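Fold the following.
(chains A and B)
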Amino acid sequence: MTMDLALVFVVIMGASVLVYVVLDGYDLGVGMLMPAASEDEQSFMVSSIGPFWDANETWLVLGIGVLLAAFPKAHGVVLGALYLPVVAMLVSLMLRGVAFELRVKAHGWHRDLWNWLFWAGSFGASFWQGVMLGRYVTGFASGFGYWIFAFVTGASLCGGYVLLGATWLVYKTEGELQAKARAWSRWGLLWVAFGVALVSLATPLVSDTVRAKWFDFPGTLWVMILPIATAVTWFALWRATRPGGHWKREWVPYAMAVGIFTLSFLGLAYSIFPYVVIDQLTIWEAAAHPSGQRALLLGTAIVLPFIVAYTILSYRIFGGKAAKKLYD
Amino acid sequence: MEDTLLVARAQFGLNIGFHILFPALTIALAWYLIVFRLAYQRTRDLRWLATYKLWLKVFALTFAVGVVTGVTMSFQFGTNWPGYMNKVGAIAGPLLSYEVLTAFFLEATFLGIMLFGMNRVPDWLHVLSTVLVAVGTTVSAFWILALNSWMHTPAGAVMDQGQWIAADWGRVIFNPSFPYRLTHMLLASGLTASFVVAGLSAWRLLKAGADELARRTLRIGLATAAILIPIQVFVGDQHGLNTLEYQPAKIAAMEALWHTQGGMPLVLFAIPNEKKRTNDYAIEIPYAGSLILKHDPHATVRGLDEFEPDRPPVGPLFFAFRAMVGIGLLMLAVSWIGVWATRRGRVPPRWMLWGFAAFTFSGWAATLCGWIVTEVGRQPWLVTGLLRTRDAVGAASGVKLGMSITGYAITYALLLVAYMVTLTHMAGKGADPTDPTADSHAAVVPLARAAE
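Alright, predicted model coming up:
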């Protein structure tokens, strides 16, 4: 077989991570927005993510699983370097997942506690994922400034997830809550603009490799499509979420937010490729033994289409506006 | 270095030990749900539907904890054991990924339909979803136990460019201990779920003795356990004989057999003394050890002295094994007495209900003891004969490991308490077939999707 398996798997892994980010992103975002809503509205909000969040999180397991199976050296280096942010993120995800199930069954101060943990867990998971991203794009460089950068990326990813969550709510709710969701979307958008600009400016400064890829005119002129398309989508979404604005297809704002994430993700992938750890380890150096990769590819090729098919089925079954009290 | 190894093992053991509790329950509880769902489908009796919905809630909560603690596992292989992936990644990687691909998505997606889709999908699709979730949990056990068994009794692998790769996937998956271990674990799950069903039903009856639904599930749980335990005893014995053949040092440690011996006694109790390599305060039955292990009272059994220094520690294996067998025998007694006490619609006396309630999580205790025996029993190997645990450990500092282990331990303690309190609370309220909201999950929602 002459197929470049490392390349195939970096695409599969990247796709899994991107799918994870846009799917779990909206339910983490909804979790972060909970305190901004009334108790009545919260009931609709959790209903809008209830049937999906388990499966959304599974994409993270798949992404990490492919990293582990196809690029074992990178798994060790990346997750070893991110040890404590990873632990913090995992603890947040655990608290949040359990709080989500328990909050509706609890009463009194118990309920307040689980509500708080659901918010804190959603926030923590988003923040620490952003910190991981910030550490990752700087190649885990040590130094105070780099950590500040990572914390700002953490905050920015929270903004991004708030955007995904708010646009998801525009799609899944109606009336007053939907109007609120539009306003939240705009806050998310501003936050995202700041975050994307920051990462886009900082990465070329940190790495010569990245700078060469973006600013080696005129050969790299075509990649300017990415930032331009991002900006265009951003403005379209800003218009789509204006107060009193009405978009006939209410899933469009969410789709636009996914568009912004996808474009940013592609930009990041372009910056880093073919490295899996920036300037240190390429995908070919990190690749697993071809024997393992072939076995993995076979299973993925057979099973992944089914997963995509029944995921779409599930989103069709639970399409439309969220019901109140899906849970109680 | 040895200290880091110990902390890394402790952390991994804590994570996987906590995680396994939840799949151990959901694997078999999913099959219970099929039974309840089909009973409702056949009879259209709302009481079956209420039973289904109650245990579906228990399942959903357990599954959620299983998912979030399972995410942790996918991160731990690389962070704690980078040498593992470097040496046997070409075998472990695909097996782990197959689990995610064939099981995790299936379970998570169709659980959503089970929970919220009853009024949105046709009956057949809802029944199918229930079946697919059960298939998913079992397939997940299949892959993870294939890998775990391979680590105990590796087969079908060859060395290539400094790492082990699969020469024959059939032999890798169906390695010598796999059929025994898989059956043993599936039965363990069946027992765990049966005692949870029986125990929580007993708890409900303590609060509302007239609840006929709880009486029925009490009976179902006890009867299933009463049938499964003798099978488990037989399978466990076969698994032990398989271990004797492929991992004799593990058996020697379990039995605290320090020296090779003919006519080996069965040590009922002792304090194994690692320094003197002998047992203090031993209570023994002569010849019984040889009789059980070799089916011949005079047969020679290989002792730990033949395997030095590559042998597991004796204390943890010796005690954990006895605890597992002891709990198993108690479970046998409880379930048989219970079946007798619930015959022809009888309700057991309160003291007996308390007993069943106390045994709710007995399956967990036995399962954990069993896993301690088998995993500690593999030491000092990570993959028997191929890779030592100490050669696989990562470079994470003691501080990082210490901080993370503290964080996990606090989180787990909180989760476990919350989980158990919620479970007993839900079970205490019981299933209510007259509850008008019982079937309202999605009734208020129109089927219409967003404007298309």
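
The residue in the stretch 1-150 of chain A positioned nearest to chain B: how many residues sit nearby?
Closest to chain B within the stretch 1-150 of chain A is residue A:69: 2.8 Å, counting by CB to the nearest CB. All C-beta atoms are positioned from the backbone trio N, CA, C, and that covers glycine. For residue A:69, the neighbour count with other CB atoms under 10 Å in any protein chain shown is 30.

Can you tell me the element it falls in?
According to DSSP states H and E, residue A:69 maps onto helix A:53-70.

following that helix, which helix or strand shows up next?
The first helix or strand that comes after helix A:53-70 along the chain, using DSSP H and E, is helix A:72-81.

what's the distance between that next one and the middle of its chain?
Relative to its parent chain, helix A:72-81 has a centroid offset of 20 Å by CA atoms, centre = their mean, to the nearest Å.

That one versus helix A:53-70: what angle between them?
Orientation of helix A:72-81 against helix A:53-70 (axes from the mean of the first three to the mean of the last three CA atoms, to 10 degrees) gives an angle of 120 degrees.

and the stretch 101-250 of chain A, which residues reach chain B?
By CB under 8 Å from any CB of the partner chain, the part of the stretch 101-250 of chain A that sits against chain B consists of A:101-102, A:105-106, A:171, A:248-250.

what about 7 Å?
A:101-102, A:105, A:171, A:248-250 (CB under 7 Å from any CB of the partner chain).

Filter those down to the buried ones.
Buried members of these, scored by 16 or more other CB atoms under 10 Å in any protein chain shown, are A:101-102, A:105, A:171, A:250.

Mind checking which of those land in helices?
Judged by DSSP state H, helices contain the following of those: A:101-102, A:171.

got those as JSON lines, with pLDDT and distance to residue B:183 columns?
Conversion of these to JSON lines gives the following (pLDDT from 0 to 100; distance: CB to CB, whole Å):
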{"residue": "A:101", "pLDDT": "82", "distance to residue B:183": "31"}
{"residue": "A:102", "pLDDT": "84", "distance to residue B:183": "34"}
{"residue": "A:171", "pLDDT": "89", "distance to residue B:183": "47"}
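
Out of the residues you listed, the closest to residue B:280 would be?
Proximity of those to residue B:280 (CB to CB) peaks at residue A:102, which lies at 47.2 Å.

My read is that that closest one contacts residue A:116, right?
No - between residue A:102 and residue A:116 there is no contact under CB atoms under 7 Å: 12.0 Å.

Strands of chain A, start to end?
Taking DSSP state E as the test, the strands found in chain A are A:275-277, A:281-282.

Could you identify which of these is most buried?
Sort the strands of chain A by mean neighbour count, taking mean count of other CB atoms under 10 Å in any protein chain shown, and strand A:275-277 sits at the top with a mean of 22.

And the residue nearest to residue B:257 when sequence neighbours are not counted, what's its pLDDT?
The shortest distance from residue B:257 to any residue other than its chain neighbours is 4.5 Å, reached at residue B:303 (CB to CB, 6 or more residues apart in numbering or on different chains). With respect to pLDDT, residue B:303 scores 86.

Tell me how many other residues crowd residue B:303.
Residue B:303: 23 neighbours (other CB under 10 Å).

surely it meets residue B:260?
Yes - using CB under 7 Å, residue B:303 makes contact with residue B:260 at a distance of 4.2 Å.

Can I get stretch A:315-324 as PDB, trimmed to CA atoms?
Output in PDB follows, covering the C-alpha atoms of stretch A:315-324 (Å, rounded to 0.1, in the frame of the first residue of the first chain):
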ATOM      1  CA  TYR A 315     -30.200  15.000  15.300                       C
ATOM      2  CA  ARG A 316     -33.200  14.500  13.000                       C
ATOM      3  CA  ILE A 317     -35.200  12.700  15.600                       C
ATOM      4  CA  PHE A 318     -34.500  15.500  18.100                       C
ATOM      5  CA  GLY A 319     -34.700  18.300  15.600                       C
ATOM      6  CA  GLY A 320     -36.900  21.300  16.100                       C
ATOM      7  CA  LYS A 321     -37.500  23.400  19.200                       C
ATOM      8  CA  ALA A 322     -36.500  22.000  22.600                       C
ATOM      9  CA  ALA A 323     -39.300  21.000  25.000                       C
ATOM     10  CA  LYS A 324     -39.500  22.100  28.500                       C
END
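
for the record, mean pLDDT for it?
Mean predicted lDDT for stretch A:315-324 stands at 79.

gap between the lowest-mean-pLDDT helix or strand in chain A and the chain center?
Every helix and strand of chain A was ranked by mean pLDDT, DSSP states H and E. The lowest is helix A:208-215, at a mean of 78. Computed by CA atoms, centre = their mean, the chain-centroid distance of helix A:208-215 equals 25 Å.

by contact count, what packs against that helix?
Other elements packing on helix A:208-215 under the criterion 3 or more CB pairs under 7 Å, 6 or more residues apart in numbering or on different chains; DSSP states H and E are helix A:175-206, helix A:252-272.

Can you add mean pLDDT and mean neighbour count and give the ones you listed back as a markdown table?
Formatted as a markdown table, the helices and strands packed on helix A:208-215 follow (pLDDT from 0 to 100; neighbours: other CB atoms under 10 Å in any protein chain shown):
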| stretch | mean pLDDT | mean neighbour count |
| --- | --- | --- |
| helix A:175-206 | 85 | 18 |
| helix A:252-272 | 88 | 20 |
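
so which of those helices comes closest to residue A:62?
Nearest to residue A:62, of all those, is helix A:252-272, at 16.1 Å by CB to CB.

export the strands of chain A to CSV and tack on mean pLDDT and distance to chain B?
Formatted as CSV, those follow (pLDDT from 0 to 100; distance: least, CB to the nearest CB, whole Å):
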stretch, mean pLDDT, distance to chain B
strand A:275-277, 83, 13
strand A:281-282, 86, 13
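
The stretch 151-300 of chain B against chain A: which residues are in contact?
B:160-161, B:163, B:165-166, B:169.

Only whichever of these are buried, select them in ChimeraX.
Buried residues among these (16+ other CB under 10 Å), as a ChimeraX selection:
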select /B:163,165,166,169
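
Now for the residues of the stretch 151-300 of chain B next to chain A: which two are most distant?
Farthest pair in these (CB to CB) is B:161 and B:169. Separation: 18.8 Å.

Quick one: the helices in the stretch 1-150 of chain A, in order.
Remark: helices assigned in the stretch 1-150 of chain A by DSSP state H, counting those that start in this stretch are A:5-33, A:39-49, A:53-70, A:72-81, A:83-102, A:108-137, A:144-172.

Show the secondary-structure elements that the second one is packed against.
Read it as helix A:39-49. On a contact count with 3+ CB pairs under 7 Å, 6+ apart, helix A:39-49 meets helix A:5-33, helix A:144-172.
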